[in-house]
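Novice: I need the structure of the sequence given here:
(5 chains)
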Amino acid sequence: MTTIATVAPGAGQRVVPATGETLLDVQNLEKFFPIRGGLLSRVVGNVKAVNDVSFSIGRGEVVGLVGESGSGKTTAGRAILRLIEPTGGQVLFNGTDITKLSKGQMRDYRREMQIIFQDPFASLNPRMTVADIIGEAMQIHNLNPGKQRIDRIAELLEKVGLRPEHMRRYPHEFSGGQRQRIGIARALAVNPSFIVADEPVSALDVSIQAQVVNLLQDLQEELGLTVLFIAHDLAVVEYICDRIIVMYLGRVMEIAPSRELNNNPKHPYTEALLSAAPVPDPTVKRQRIILEGDIPSPINPPSGCVFRTRCRYAIDDCAKIVPELREVAPGHFKACIRDDIL
Amino acid sequence: MKKALFVAMAMTLGSSLAAPFVYPASWTTNKPSEVQTGGTLRTVNLQDFKTLNPFVSSESPNLPDSLTAGSFLTQDPVTDEFIPYMAEKYTQSADKRTFTFTIRKGMKWSDGKPITADDWITSYTIHSDKNVGSNIYDYMSINNQPIKVTKVDADTVRVVFPKADVTALEWVSGILYPEPTHVFMPVYKSKGADGIKNMWTISTDPKDIVTSGSFMLDRYQRGERAILKKNPYFGEWNKDSAGKPLPYLDGVQINIVADANAQLTQFLAGNIDVYSPGDRDKLAQVKAAMDAKKINGVLIPNASARASSDFVVFNLDDSATYKTKLFSNPKFRQAFSMIVNRDAMVDLTLGGLGAPTYTGVYPVYKDWVASGVDKYKFNPAGAIKLLNELGFTKKGPDGVLVDKNGNKLEFTLITNAENTRRQGFAKIIQDEAKKIGMKVNTSFIAFNQMTTMLDAKDNFGRRNFDAILIGLTGGGKVFPVSGPSVIECSGLGEGGNLHMFNQSNKCRFPFETQTINLYWKGRAEFNLAARKAIANQMQKIEAEQQPYVQLAAQTVHFAWTARTQGELPRAAVNSLNASTLYGPRILDLTWIKR
Amino acid sequence: MLSEVSVLPYIFRRILQFIPTFLLATLLAFFIVQLAPGDFLSQLKENPSVRPETVERLRKEFGLDQPIIVQYFYWLKNFVMGNLGQSFQYKRPVNEVLPGPFMNSLILVIIGTVLHFAVSIPVGVYSAVRPYSTADKTFTFLSYIFLGIPSFFFALLVIWGMLKLQQNFGWDMPLGNKTSSKLPTDISWWRSAWDVFIHALAPTIILVLRGISSESRFIRGQLLEVLGQDYVRTARAKGVAENQVVYKHALRTALIPTIAGLGGLLPALIGGAGFIEVVFNWPGLTPLQLTALGNQDIYILQAVTAVATLLYLVGNLLSDVLLSVIDPRIRYH
Amino acid sequence: MTTTVPTPVRKPRSQSQWSIVWSQFKRNPLARVGLGLLGLLYLMAILAGFLAPYGLTEYSTTDRISWAPPTPIHWRDAQGHFGPYVNGIRRDIDMETFRDKYVEDTSVTCPVKFFQTHPGMEGRTYRFLGFIPTSLKLFSVDAPCKLYLWGSDSYGRDQFSRVMYGSQISLSIGIIASVLTVILGLIMGGIAGYFRGLTDTLIMRMVEVLSAIPELFLLITLRALFPLNADPILVFYIVIGILAVIGWGGLARIVRGQILSSREQDYVQAATALGASDTRIIAKHLLPNTATYIIIFLSLAIPGFILSESGLSFIGIGIVEPYASWGSLLKVAQDGGFESLDARPWTLIPGVFIVLAVLAWQFVGDGLRDAFDPRRRR
Amino acid sequence: MTPQGEVLLAVNGLKTYFNTDDGVVKSVDGVTFHINKGETLAVVGESGSGKSVTSLSIMRLIPMPPGQIVDGEILFTGKDGVQKNIVKLSEAEMRKIRGNDISMIFQEPMTSLNPVYTVGDQIAEAVMLHQGKNKKEAMGVAADMLRFVGIPAPEKRVNEYPHQMSGGMRQRVMIAMALSCNPALLIADEPTTALDVTIQAQILDLMRKLQRDIGMSILFITHNLGVVAEMADRVVVMYGGRVVEEGDVVEIFKAPRHPYTMGLLNSIPRPGEHVHVPGQPKGRLEAIPGNVPNPLNLPRGCAFEPRCKFAVEACREAVPPLFDTGNGHMARCIRWQEFEQVQQEVTA
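Specialist: Numbers count the residues shown, from 1 in each chain, chains lettered A, B, ... in the order given. Okay, the predicted model is just below:
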């Protein structure tokens, strides 16, 4: 089932293959935010939020994008949808580079690519009813005109586990979990094939998280959606994703199928991340790998490997060489120069 | 001690050499025996003084006038006669053009230097220098012919007028004051006009200000007050009828306040001694405070009419617009005069304290106002009749009269926003006009803007107004009719003259030429009765032609605290003899009762 | 120090940004005043004896015959060299005319600023610490009333009241003006300073009453909000006494917006002092400006505008600097 | 803030933001008082013609009356009939006190009549609710009597009627000026915030310039530029327009800030993701978001402009004859100085109305601000 | 109730209510539990369960009004060995306890430090307040404490402002501040919720180490069961303002006796346990249906009843009592005895 594309070593173009037919292909994606300073407000530096990120996602695949705050995972997710204009690289959707599209052309692609947000409070316009919120997309793209629209909204609400009569209410009348369902219904309104789920459960109460995770899983299976699932919590990602991308300081550290990543992490950062997550079992007493210090500032990231300052395996070369993302096992990629560890 | 002795010796010396000027006993109600010397008179001015320089001062009242003694002659406030003051005597030539003045001996500047003939020449020379920009530069000539002032010898000055003129003595007493040669001449010679202009500012050290008058500057606190102190040399040549040196006062305090309400506050609080209530409200306040014994003082309400006028002037341009043609028709102006409800103006705007006016001679000149000039007094029916004659026979749907060409009887009346009295007059005109179908729009704008309108021309060469409500003030007692700047219709340059209804520099109407001719005839007429007859003739023409539609004149009121003494006899208390700063009194004869 | 390194370029940059604002404001003012019909010389027309050629001569002398833009650049050049031009009315350099009224206005503004903060901070704090108490409600009610009365009319009422006190009780009230006319001329400096202060008091109070009314309520709201902040809870959890919590931990941050508004306060007070200076007969900038407006004494107007603009800019700079002192987050960013 | 105070989830009531704000607003007693007061004042302005017994400029130049005090209303006449009536008045100028003296002429009695029309009296016709021409008055007395409920001015015009008519200008001024300010502020702030870059810099510099130039100076000089024969009321509204032109800066700055921050809001991102156009985002998501602030701004700016109007009258560039506003009526009292306070206190009534209107708007504004602010909700 | 070991703090029948316009919110409604000396007690619950209000009640930091401690007692034995009822103490007495006997750290390290004072100042303030040290000595203590909590270069860091530090560093500062006066009890209100997982590991590690060294008790408030499993000796589970289950940490995780606890445990994905394998059908989490209850509108009976799959008619009628299920394990469920079988079924 795994098709392996050629990896051109050292070349700018790196294609990290997807499972099955490729839907989304991200190549050398870059997003730099300029920092202004000095007397005349000139650009004095860049926040390299996303730096040379490449991966691809197959149709129907659920891919997790994991990283701590400052890793650039949310920026990457939004840059793929051009909600933030990327400063470099390509995003091929069904073979079309959407970064080159005009605003008008992009509008058509927006029907295909949707996003679900983290904060169920901030992502719904408080002044619109549920029907307006879900119907807005249909209005923009002229879908389901007239009476059909109401039916479609009702159908969507039922699909996400709400009742049709909820459509006349306002967001503030719902709980966090219900709002997140509304956000999902909005994303589904245009029948997208690809969804970026940007930490969709992090802001929810524990008992509600499972509901939403289950819902997403059901919808993904039912509609055959392709999902990029962004999260900081490996446990949730492992649970629903086929493959996982681990990011740190704007760069990809490791890409691997979920089980492979969990059982056999190849990158020291992934190893630490897995180790740091607390296990809800008081009888298990693990030896922890505790990373020292903080995540460095993305304005001034370490030279060479960005993780080296916290890496227990770091050697002198790590400061000199920017590690390439390379395949170390079938479908398993890592950006680390050391093969003698893990 | 030594100094006092020296001063006393100087005084006796001075008096032995020269005869001092003795103030007639008739100039004050007080007997010399009652007078107490010392004390400070506290008065008030409505704006900050801007300069101490007599050559550039243009405001009124101003400090240089307060600090000057006067000139060769002075006008007796009671008899209106001109009597020698800084001149011991004077002679007049047979053609009445040349006057020769012999300077009084013993006069001194406040720094002790003698006042000489040179000081008049200095004054004349500098005021006559165009580049100085003196406010009285234009007074230095009459009808473009210069008045000549020359020094005959150290004690004698000759003044030659271009022609015989009844106002010559007024000029001599009121325009040309001597200025200290030893202060100004060196600067004028070295730095010219610019040097003069930079002298004697508000911030100049008071010690450097040299005056001839009874007081000299002690201190000037900008925006707050001017403090004057007695000029020690003045008393050497100015005595009261009992021979006491003048002035009686030690000092004068001129407080500066921002507006008329603040002025009233200061008087009611007992902070100032003299005050002229500007309108009925303030008069009532003063009266109430005096009745309630909050202030111990004297109030003379309705002392006389004011020396000023308010009138409406129309744009009588020779431009072929419908409106100027209408305004140029005397019937229209007569009709307009007949809708001016002057009684209502007096009653409602002036609170009953005033009188209707029909001519340009201010009503304070009781003897000069012609009788029978009220032909076009308030008479709406008469106005309608005249307007009918002009073709305004029917009213439009909005109640405004229209003529057969459909022209509406509508115009805009402008007056200045600062003046509530004029706005009140405009309002009454507007309301009365409306009743007969004449639509008057009112517009209240800044005074500067309004005066600009009088000669500002639009792209078609027309002046851009319909009618303006404005007033005039100033003038002497000798021939108190409107002066040449107001009535001269030709021979004047562009702008700047007050011939408001016609500034085309051409005499459009026969009455214009008639009036100016009569005026110059009057200026040369030395017989009072004949001169009055000429003034009557002029007023008759004015009343018939209505180039300026006169409205109403306010009366003036005087109040002072009981400690303030030395006012003019009641008969002489009127707006012409009262000073804005000191009220109806001569400052030199004023004293404080303790 | 780190702070100085990062603050100085910031201030310098602010000053650079001020220059276009200043130029635009003064140019605009210059144009507007010249657009109005008439000029300083128009008033000479009232005088029957001034001839047209006199007016023309003076017009040339004052440079009023030049195109406006030429006049502006001429003014600007002189301004840069410290020469504010010539006042037409005073016939003196504006440099000499302006300082007096400016200082007088400044007296009101400085006493006003002190009063503004000295009253509004305690009142605001008290109301925030005891919200909905009787005192809080009273302050609120009073501030509503003071916000509702037109200041010029309030000034008239106050003067009237003071006059009645003086007339009926013989108390010597500071009825307008800057100094008492009754004092002898040779008094000590502190006696005359006291005299000025007494006279400045009533106008200043009326001047700042509106500001105090809104500021105290603003501070109350700010403080109430800060008192609900996490770090205030932290301070309480440490066992810090309540008044320390309020004054040390909460007030400083609560005052940040107030200080940010300081920049606007100076010109607002100078502007707001206007009516009150007129009614109270205070020889400040507004009476100067009003007579200058009436007489179209353009260089006075230009100077007042320039001073007001500078004050605005300096005020902004001042509040920026103060903010960086009070709030380290600004200093380091 | 963490969960120190539990924020109760409200019972599911299907309410919009607005109905929540309204229910919050209703809980605030001062806001309720303010709203009630405003209701009364604006009703008064709408019904001014009906409530005012006389026309705006109605007075007599023949039967002259000046500063008449409030007319006493009598209830029981000599015959014992019950019902309101007034006596005729006689005026003298007292040349001792220089004040007008009025004596009731008991031989003349005129009943106060209700709901009378006054055909043929031009000054008294008005348009009821703005369109029905009528001269129906709530109350009036026939000549020769005068009914001055709140005294008269120096021309003998009825102060009560003038206050009624003046309310139309005073109360509309605030609304017009603040709406103008809001429109300008929204447009300029919206442009600056949405387009950013050079446009933003230019607009913000303009804001700075406008706030740097003294307001008084701008008002007086710009006022001098208007055509003279323009209707005074039009000129006055232009002055108000100038006020708005001077005053939009603060609002623009805030609108700009709000737009800059709302652009980053997730729901705006969501709309972008859905393919919404710029226009749609501005109109449906960004501007409505500023609505809260705008409403509060309006309700607090309006009293400011009502006060500004009186300030304009004070410096003589406010509304002029024949029109009247509370500000110009108060200016009459101000011009009278102490005499107004001592001898004719009824001239201060317009000032009371200014204070009331400002107070009421403040109450409402503060109430709205609290109601909109979830942190201030009770 | 048989407390094992020496009781440091005992909360008995605590009721903390808030008056809102919509009615009285019974945030904490009769909560009873205790903490032994040297023990870590975890209080678990979701938003609105009353766990934070409980901790603030212990500190007497409930904003009053609108909050009010209506009933109950909080017995605390401070460093002086005297047992006091915190509810009855005067404000001045309470101030002596806060930061000295009982310290608290909060969820949001970004907002819990005063932005306008240096971290040194803020730590020294507590030291000066409770230990009577002067400013200089207190700053020395502050530096020592920063070193103690593992902040590098503490002498330099005392002069820094909070905004110059990362979230993890700030939380360390908070801990340093809390421990500066050797408190007997540390209340940690979700101290790692806002932190990244690697930083969370650091902080949890630090707290464990510090507790070992100092021997204080910790009241650990959290919603993260993984953190509970790692940190706690005993656990109190709260729901709808009441304790629904209490017991030894191993007991709670192995044999929960309340459906809510059971639901919580089942609904979280466990690291490494449910890893998805492509091509195989995905597993499902067992979610608790329904929503977190509205504190204004709690059911009359068991607060969890509307979401409980085991609910019977009797659950609706009255609030169930807290049943002692043995071994100091208690559960507020009338069907607790039946769950032994259910538990076995599930694990089988």
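Novice: where exactly do the strands run in the stretch 101-250 of chain A?
Specialist: For the stretch 101-250 of chain A, the strands defined by DSSP state E, counting those that start in this stretch occupy A:113-116, A:194-198, A:226-231, A:243-248.
Novice: Tell me which of those sits nearest to chain D.
Specialist: strand A:113-116 (4.8 Å; C-beta to the nearest C-beta). Where C-beta positions appear, they are placed from N, C-alpha and C, glycine not excepted.
Novice: How much space separates A:R168 from B:A305?
Specialist: A:R168 sits at a distance of 81 Å from B:A305 (criterion: C-beta to C-beta, to the nearest Å).
Novice: who has more neighbours, the two?
Specialist: B:A305 (25 against 13; other C-beta atoms under 10 Å in any protein chain shown).
Novice: any weak-confidence spans in the stretch 201-350 of chain D?
Specialist: Within the stretch 201-350 of chain D, the stretches with pLDDT under 70 are D:227-229.
Novice: The residue of the stretch 51-200 of chain E found nearest chain B: how many residues sit nearby?
Specialist: Closest to chain B within the stretch 51-200 of chain E is E:V116: 43.8 Å, counting by C-beta to the nearest C-beta. For E:V116, the neighbour count with other C-beta under 10 Å is 20.
Novice: any low-confidence regions in the stretch 1-150 of chain A?
Specialist: Using pLDDT under 70, the stretch 1-150 of chain A drops low at A:1-20, A:37-42.
Novice: Near chain D, which residues of it? Just list them.
Specialist: Proximity of the stretch 1-150 of chain A to chain D (C-beta under 8 Å from any C-beta of the partner chain) is limited to residues A:78, A:81, A:83, A:106-108, A:110-111, A:113-115, A:117-119, A:122-129, A:136-137, A:140-141.
Novice: Can you narrow the residues you listed down to the ones near chain C?
Specialist: When contact is defined as C-beta under 8 Å from any C-beta, the residues of the stretch 1-150 of chain A next to chain D do not meet chain C at all.
Novice: Mind checking which of those residues land in helices?
Specialist: A:78, A:106-108, A:110, A:136-137, A:140-141 (DSSP state H).
Novice: residue contacts, B:D259?
Specialist: Going by C-beta atoms under 8 Å, 6 or more residues apart in numbering or on different chains, B:D259 touches B:46, C:278-279, C:281.
Novice: okay, it: pLDDT?
Specialist: The confidence metric pLDDT takes the value 80 at B:D259.
Novice: ok, now E:L113?
Specialist: In this prediction E:L113 is given a pLDDT of 88.
Novice: Number of residues surrounding it?
Specialist: E:L113, neighbours per other C-beta under 10 Å, totals 27.
Novice: for the closest residue to it other than its chain neighbours, what are its contacts?
Specialist: With sequence-adjacent residues excluded and distances taken as C-beta to C-beta, 6 or more residues apart in numbering or on different chains, E:L113 is closest to E:P162, at 3.9 Å. By C-beta under 8 Å, 6+ apart, E:P162 lies in contact with E:110, E:113-115, E:119, E:170, E:173.
Novice: Pick the one among the residues you listed closest to B:V364.
Specialist: E:P115 (76.1 Å; C-beta to C-beta).
Novice: State the distance from the closest one to chain C.
Specialist: 6 Å (C-beta to the nearest C-beta, to the nearest Å).
Novice: can you tell me the helix or strand for that residue?
Specialist: Per DSSP states H and E: E:P115 is located in neither a helix nor a strand.
Novice: So which bits of the stretch 151-300 of chain E are right by chain C?
Specialist: So the stretch 151-300 of chain E meets chain C at E:161, E:163-164, E:174, E:177 (C-beta under 8 Å from any C-beta).
Novice: Can you tell me which of those residues end up in strands?
Specialist: Among those, the subset assigned to strands under DSSP state E is empty.
Novice: burial of residue 179, as a residue count?
Specialist: Assuming you mean chain A. 23.
Novice: should've been chain C
Specialist: Neighbour tally, C:T179, other C-beta under 10 Å: 18.
Novice: Am I right that it falls within a helix?
Specialist: No: assessed with DSSP: H, G, I helix; E, B strand; the rest coil, C:T179 is coil; it does not lie in a helix.
Novice: And the pLDDT at it?
Specialist: For C:T179, the predicted pLDDT is 77.
Novice: And for B:A4?
Specialist: Reading off the model, B:A4 has pLDDT 40.
Novice: which non-adjacent residue is nearest D:H74?
Specialist: D:Y85 (5.5 Å).
Novice: hang on, isn't the one you found packed against D:C110?
Specialist: Yes: at 6.1 Å, D:Y85 counts as touching D:C110 under the criterion of C-beta atoms under 8 Å.
Novice: Give the residues shared as contacts by those two.
Specialist: Contacts common to D:Y85 and D:C110, judged by C-beta under 8 Å, 6+ apart, are D:V141.
Novice: how far away is A:R338 from A:Y313?
Specialist: Distance, A:R338 to A:Y313, by C-beta to C-beta: 6 Å.
Novice: quick one, helices of the stretch 1-150 of chain A?
Specialist: A:73-80, A:103-110, A:130-141, A:147-159 (DSSP state H, counting those that start in this stretch).
Novice: of all these, which lies closest to chain E?
Specialist: helix A:73-80 (11.8 Å).
Novice: Who are the packing partners of that closest one?
Specialist: Packing partners of helix A:73-80 (3 or more C-beta pairs under 8 Å, 6 or more residues apart in numbering or on different chains; DSSP states H and E): strand A:22-37, strand A:42-58, strand A:62-66, strand A:113-116, strand A:194-198, strand A:226-231.
Novice: so what's E:P320 up against?
Specialist: E:P320 touches E:301-302, E:332-334, counting by C-beta under 8 Å, 6+ apart.
Novice: For it, give me the backbone phi and psi.
Specialist: The phi and psi values for E:P320, taken as degrees, to the nearest 10, are phi -70, psi 150.
Novice: just B:G352 next, same as before
Specialist: The phi/psi pair for B:G352 (degrees, to the nearest 10) is phi 90, psi -10.
Novice: one step back: would you list the helices and strands packed on helix A:73-80 in JSON lines and tack on mean neighbour count and distance to chain E?
Specialist: As requested, the helices and strands packed on helix A:73-80 are arranged in JSON lines below (neighbours: other C-beta atoms under 10 Å in any protein chain shown; distance: least, C-beta to the nearest C-beta, whole Å):
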{"stretch": "strand A:22-37", "mean neighbour count": "19", "distance to chain E": "15"}
{"stretch": "strand A:42-58", "mean neighbour count": "20", "distance to chain E": "10"}
{"stretch": "strand A:62-66", "mean neighbour count": "28", "distance to chain E": "8"}
{"stretch": "strand A:113-116", "mean neighbour count": "27", "distance to chain E": "18"}
{"stretch": "strand A:194-198", "mean neighbour count": "26", "distance to chain E": "15"}
{"stretch": "strand A:226-231", "mean neighbour count": "26", "distance to chain E": "11"}
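Novice: Those strands: which one's closest to A:K100?
Specialist: With C-beta to C-beta as the criterion, A:K100 lies closest to strand A:22-37 of those, at 12.5 Å.
Novice: contacting residues for the residue of the stretch 51-200 of chain E closest to chain B?
Specialist: Neighbour list for E:V116: C:252-253, C:326-328, E:161 [criterion: C-beta under 8 Å, 6+ apart].
Novice: Chain A: which of these is nearest?
Specialist: E:Y161 (16.3 Å).
Novice: Top of the contacts of E:P320 by number of neighbours, please.
Specialist: Result: E:C333 is most packed of these (other C-beta under 10 Å), 29 neighbours.
Novice: That residue contacts E:T261, doesn't it?
Specialist: No: with contact defined as C-beta under 8 Å, E:C333 and E:T261 do not form a contacting pair (9.4 Å).
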